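Enquirer: Using only what follows, build the 3D model:
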Amino acid sequence: MDDAVYFSDEVYERCRGLTEADVSFLKDVERQISIVADISRADILLYGKQEADRATVLAHARPHSISSIYDHLLTGQEVGKDEKPLIIRALTDGRPQQGGQLLIVDSAPIIKQVYPLRRPGNKTVIGAFSVETNLLEHERHRRRRRAFQRALLQLQMMVLRTQLVGVADLSPFGEHDGIIVADRERIIRYASGIATNLYRRIGYPGGLLRRNLGELETGDDDLARAALREFRCLQREEEAGGRSWVKKAIPLLDLPRPRPLSWINWGKQYEEPSHVLLMVHDSTEARRREQELRVKTAMIQEVHHRVKNNLQTIAALLRMQVRRMPSQEARTAVEEAIARILSVAVIHEFLSHEDSRVINIKDVSHRILTLMRHEMLGPDRSIQLELDGPPIYLPARQATACALVINELLQNAVEHGFEEGSVGNVCLTLQDEGDTVIVRVRDDGSGLPDNFSIENSDSLGLQIVQTLVQEDLKGTIEMRNGAGAEAIITFPKAIIGGE
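Expert: Predicted structure coming up:
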């Protein structure tokens, strides 16, 4: 699921009368709404006034902790008085609009709480902040303890004043994460059912309410103290009770009584937070899977490294054999086989060092060209090998077939395009067409024979190319004459991770 979508110039330029300071403030609000949406278990939308009875959705944060009530992001959508009366009323009257109205979204009733937005020290309304949740979740919130309801309201009011310092550095809050609210003395005033169950896993079978965080043999008390002292959102990882935890802390400023919902005092600043909200995530299974994946990856890379070494050893043994062969035809055949073995070894070399799922075929091509310069081009052959095109990432299996095709085409161009002692150029060009890849190998040599066709050719290399292109790459091959000969391979990209 996408997080809040950031402002674009086109979106906020629709809103009339916004100064640079207004836009900067609204952007600060927007950057703080994602985790508020998670904890509120609600969609949060930021609106800007477009004209008297029109508004624009400047940003939309969808929660990670519950399914969004919208099936798509609404950023950039324009609304009117008939569609969103609470929004227009908040922008016009400058007063919060809460409850009392059911809106229908895909036949599901939702509840909205809308707050006008003003810059500190400025009375002009420059936007509206809307907390939107389905009716069932709204009723669940009403049944939760007052300590949580108040903490949630404190959190929402703080984002209206952009006071959640460091909140952008926090990871998302998920549906299986627990919540604890503690007061300034770090006495627990609220613990969600999920939080209670999480702490039971590490030896706290009783309830958490009214316990001091310092009694828990975890890092919660230190984290809460630091968040309260620094007045900053913090996140830490720890090991406790044989499990791995990710814990986040948000310091909360208190609200005056008795009418907190309608109160937005832009001038008064509270020097000290009154509560701290802790979010608890058990990352043990995720860490275990990550560790298993790292071990498997290391093992696979080691296998690729050994395969590469073995292939290079085979190539070295074949080179020794070539020196003893009296027949030039036999030597040529074995040298071609060596080149094929080394082109496969190149793939395994890359897989032994990098992500085994994808290979940059441009890097592989560069390595093949380097090997060819050393293996096939003696001092009597002044043939320039060139590479052009962008990096193209392919799955390992497809990259292997592509590397073999490139090797065969380059080898064929060097061997058959130029006479002994001649000067020339061979250019390998890679083209990324989005869903397809085009590989071109062009030389300025003698060109193809008249009436040439791959089907009638007795070249083993071209037969290998045709088989690889058609069977492995599911592509096409075309060969034609120009200033020399040109081979064009076109094939569809395989889905990364799909093989």
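
Enquirer: Going by residue numbers, what spans are helices in this structure?
Expert: Assigned by DSSP state H, the chain shows helices spanning 9-12, 20-31, 33-40, 85-93, 135-143, 146-160, 193-200, 220-230, 284-323, 328-351, 361-375, 396-417, 460-467.

Enquirer: can you put the ones you listed in JSON lines and add mean pLDDT?
Expert: Listed next are these as JSON lines, based on pLDDT from 0 to 100:
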{"stretch": "helix 9-12", "mean pLDDT": "66"}
{"stretch": "helix 20-31", "mean pLDDT": "89"}
{"stretch": "helix 33-40", "mean pLDDT": "92"}
{"stretch": "helix 85-93", "mean pLDDT": "89"}
{"stretch": "helix 135-143", "mean pLDDT": "81"}
{"stretch": "helix 146-160", "mean pLDDT": "91"}
{"stretch": "helix 193-200", "mean pLDDT": "90"}
{"stretch": "helix 220-230", "mean pLDDT": "94"}
{"stretch": "helix 284-323", "mean pLDDT": "79"}
{"stretch": "helix 328-351", "mean pLDDT": "77"}
{"stretch": "helix 361-375", "mean pLDDT": "83"}
{"stretch": "helix 396-417", "mean pLDDT": "84"}
{"stretch": "helix 460-467", "mean pLDDT": "83"}
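
Enquirer: Turn the ones you listed into CSV, including distance to Gly166.
Expert: Where you see a C-beta, it was placed from the backbone N, CA and C, and this is true even at glycine. As requested, those are exported to CSV (distance: least, CB to CB, whole Å):
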stretch, distance to Gly166
helix 9-12, 25
helix 20-31, 11
helix 33-40, 11
helix 85-93, 28
helix 135-143, 26
helix 146-160, 12
helix 193-200, 22
helix 220-230, 9
helix 284-323, 23
helix 328-351, 40
helix 361-375, 39
helix 396-417, 41
helix 460-467, 57
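
Enquirer: Deepest-packed of those helices, please.
Expert: Highest mean neighbour count among those (mean count of other CB atoms under 10 Å): helix 33-40, with a mean of 25.

Enquirer: Return the distance of that one from the chain's centre.
Expert: Offset of helix 33-40 from its chain centre (CA atoms, centre = their mean, to the nearest Å): 20 Å.

Enquirer: tell me which strands and helices that helix is in contact with?
Expert: strand 43-51, strand 54-61, strand 125-134, helix 146-160 (3 or more CB pairs under 8 Å, 6 or more residues apart in numbering; DSSP states H and E).

Enquirer: For stretch 410-422, give me every contacting residue.
Expert: 336, 339, 368-369, 372, 376-377, 380-383, 385, 424, 426, 428, 441, 443, 445-447, 459, 461-462, 465, 484-485, 487 (CB atoms under 8 Å, 6 or more residues apart in numbering).

Enquirer: Next: stretch 77-97.
Expert: 14, 47, 49-50, 52-57, 101, 112-116, 118, 123, 125, 127-128, 130, 261-262, 264.

Enquirer: Just the buried ones from the residues you listed?
Expert: With neighbours counted by 16 or more other CB atoms under 10 Å, these contain buried members at 14, 47, 49-50, 54-57, 112-116, 118, 125, 127-128, 130, 264.

Enquirer: any weak-confidence spans in the stretch 51-200 of the chain?
Expert: 99-108 (pLDDT under 70).

Enquirer: hang on, isn't Glu30 packed against Ala59?
Expert: Yes - the criterion here is CB atoms under 8 Å, and Glu30 meets it with Ala59 at 4.2 Å.

Enquirer: Quickly list the domain ranges of the chain.
Expert: According to automatic domain parsing, the chain is divided into the following domains: 1-143, 145-151+163-282, 285-354, 357-499.

Enquirer: TSV please, covering these and showing distance to Met157.
Expert: Converted to TSV, those look like this (distance: least, CB to CB, whole Å):
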stretch	distance to Met157
domain 1-143	8
domain 145-151+163-282	6
domain 285-354	33
domain 357-499	44
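
Enquirer: before we move on, the earlier item: now for the helices and strands packed on helix 33-40, which one comes closest to Leu317?
Expert: Nearest of the helices and strands packed on helix 33-40 to Leu317, taken as CB to CB: strand 54-61 at 62.7 Å.

Enquirer: can you state the direction angle for that closest one and strand 43-51?
Expert: 150 degrees (axes from the mean of the first three to the mean of the last three CA atoms, to 10 degrees).

Enquirer: Run through the neighbouring helices and strands of strand 54-61.
Expert: With 3+ CB pairs under 8 Å, 6+ apart as the test, strand 54-61 has helix 9-12, helix 20-31, helix 33-40, strand 43-51, strand 78-80, helix 85-93 packed against it.

Enquirer: So what are the sheet partners of it and their directions?
Expert: Strand pairing for strand 54-61, using DSSP bridges, gives strand 43-51 (antiparallel), strand 78-80 (antiparallel).

Enquirer: Kindly compare burial across those strands and name the winner.
Expert: Highest mean neighbour count among these (mean count of other CB under 10 Å): strand 43-51, with a mean of 23.

Enquirer: Can you show me the CA trace of that strand as PDB?
Expert: Only the C-alpha atoms of strand 43-51 are listed here, as PDB (Å, rounded to 0.1, in the frame of the first residue of the first chain):
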ATOM      1  CA  ASP A  43      -7.400   7.600   6.300                       C
ATOM      2  CA  ILE A  44      -6.100  11.100   6.700                       C
ATOM      3  CA  LEU A  45      -6.700  13.700   3.900                       C
ATOM      4  CA  LEU A  46      -5.300  17.200   3.700                       C
ATOM      5  CA  TYR A  47      -7.400  19.700   1.800                       C
ATOM      6  CA  GLY A  48      -6.600  23.100   0.400                       C
ATOM      7  CA  LYS A  49      -9.200  25.800  -0.500                       C
ATOM      8  CA  GLN A  50      -9.500  26.200  -4.300                       C
ATOM      9  CA  GLU A  51     -12.300  28.800  -4.300                       C
END
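
Enquirer: Taking helix 146-160 as reference, get the angle to it.
Expert: 40 degrees.

Enquirer: what's the offset of strand 43-51 from the middle of its chain?
Expert: On CA atoms, centre = their mean, the centre of strand 43-51 falls 27 Å from the chain's centre.

Enquirer: Please apply the same query to stretch 236-253.
Expert: Between the centre of stretch 236-253 and the centre of its chain there are 24 Å (CA atoms, centre = their mean).

Enquirer: buried ones in it?
Expert: Using 16+ other CB under 10 Å as the test for burial, stretch 236-253 gives Ala240, Gly241, Ser244, Trp245, Val246, Lys247, Lys248, Ala249, Ile250, Pro251, Leu252, Leu253.
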